[in-house]
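Enquirer: Quick one, fold the following:
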Amino acid sequence: MPSDGINRILKDTIILENGDIYYGFWYFFYCRNCDRNLKSNERDGVGVLIRSDGSRYDGSWKMGRAYGRGRLVHSEGDIYTGDWINDKADGKGIYIHMDGTTYDGEWKEDKQHGKGVETWADGARYEGEYANGNKEGEGWFKWADGSEYRGEFSENNIHGKGIYKWTDGKEYEGSWKNYKMHGHGTFTWPDGRKYTGQYVEDKKEGLGSFEWYLADNNY
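Expert: Sure, this is the predicted structure:
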């Protein structure tokens, strides 16, 4: 039991009215001038809660809510281990999905928020910023085929300024809008060709210049 000055009492396993099962510490109020001690029905300290749906939480509690470090195993098998505030993932933690997807990073009110790393079973990987559960801000994404993008994201989409590199050597650096080249940018090919100019939804459109690489090394 944590030595934080709060009075707690350890009770036997209790089946709650909603069918959940709890074993652990409860808040205990000691009154020196009262005829009897007052006990609350608030989980407080360390305890295990097994919900009627089969999910299980092991960790710290504060006045009836998950608070501090804890581990939640969902009924379908997903697992979150990390920080909690008022029954929500908040702080730093790791979430492991049944399909092999893993997120290790910062959380706020049950959503990915801040900096984190997300990996997928096929080998894809994202490192960067999140906001309200979405990739948002600066980040780096590498796909399973080896292609990669480094730059700005918005609502899980490539959006803003960034560099995309294909596995065959092609590269685009410039503006993006909803996963498409849009605005000003430079596209280069492995044979030396280069286009610099305007794009609209992945197509060259507007002002631009094209450079070709000739066999005699002249452009």
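
Enquirer: Any idea how many residues pack against residue 18?
Expert: 7 (other CB atoms under 10 Å). For every residue, glycine as well, the C-beta is placed using N, CA and C.

Enquirer: For residue 51, see how far away it is.
Expert: To residue 51, residue 18 is 8 Å away according to CB to CB, to the nearest Å.

Enquirer: list residues touching both of those two?
Expert: Common contact partners of residue 18 and residue 51 (CB atoms under 8 Å, 6 or more residues apart in numbering): none.

Enquirer: which other residues reach the lowest-mean-pLDDT helix or strand in the chain?
Expert: Across the helices and strands of the chain, mean pLDDT, DSSP states H and E gives its lowest value to strand 38-50, namely a mean of 84. Outside strand 38-50, the residues that touch it by CB under 8 Å, 6+ apart are 1-2, 6, 8-9, 20-29, 31, 56-65.

Enquirer: Quick one: buried ones out of these?
Expert: 8, 22, 24-28, 56-62 (16 or more other CB atoms under 10 Å).

Enquirer: In CSV: those, plus pLDDT.
Expert: Shown next, in CSV, are the buried ones among the contacts of strand 38-50 (pLDDT from 0 to 100):
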residue, pLDDT
8, 80
22, 96
24, 95
25, 93
26, 91
27, 85
28, 77
56, 98
57, 98
58, 98
59, 98
60, 97
61, 96
62, 94
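
Enquirer: how about residue 177, what does it touch?
Expert: Taking CB under 8 Å, 6+ apart as the test, what residue 177 contacts is 159, 183, 201.

Enquirer: how about low-confidence regions in the chain?
Expert: 1-5, 29-40, 214-219 (pLDDT under 70).

Enquirer: try it again with 90
Expert: 1-12, 27-42, 212-219 (pLDDT under 90).

Enquirer: Spatially central residue in it, please.
Expert: residue 112 (3.5 Å; CA atoms, centre = their mean).

Enquirer: Next up, phi/psi of that residue, please.
Expert: For residue 112, the backbone dihedrals (degrees, to the nearest 10) come out as phi -60, psi 120.

Enquirer: need the helices for the chain, in chain order.
Expert: With helices called from DSSP state H, the chain shows none.

Enquirer: What's the separation between residue 182 and residue 119?
Expert: Taking CB to CB, one finds residue 182 at 29 Å from residue 119.

Enquirer: and these two? which has more neighbours close in?
Expert: residue 182 (19 against 16).

Enquirer: Does that one touch residue 198 like I think?
Expert: No - counting by CB atoms under 8 Å, residue 182 sits too far from residue 198 to count as a contact (9.1 Å).

Enquirer: what sits against the closest residue to residue 65 other than its chain neighbours?
Expert: Spatial nearest neighbour of residue 65, chain neighbours left out: residue 87 (4.5 Å); criterion: CB to CB, 6 or more residues apart in numbering. Residue 87 makes contacts with 65-67, as judged by CB under 8 Å, 6+ apart.
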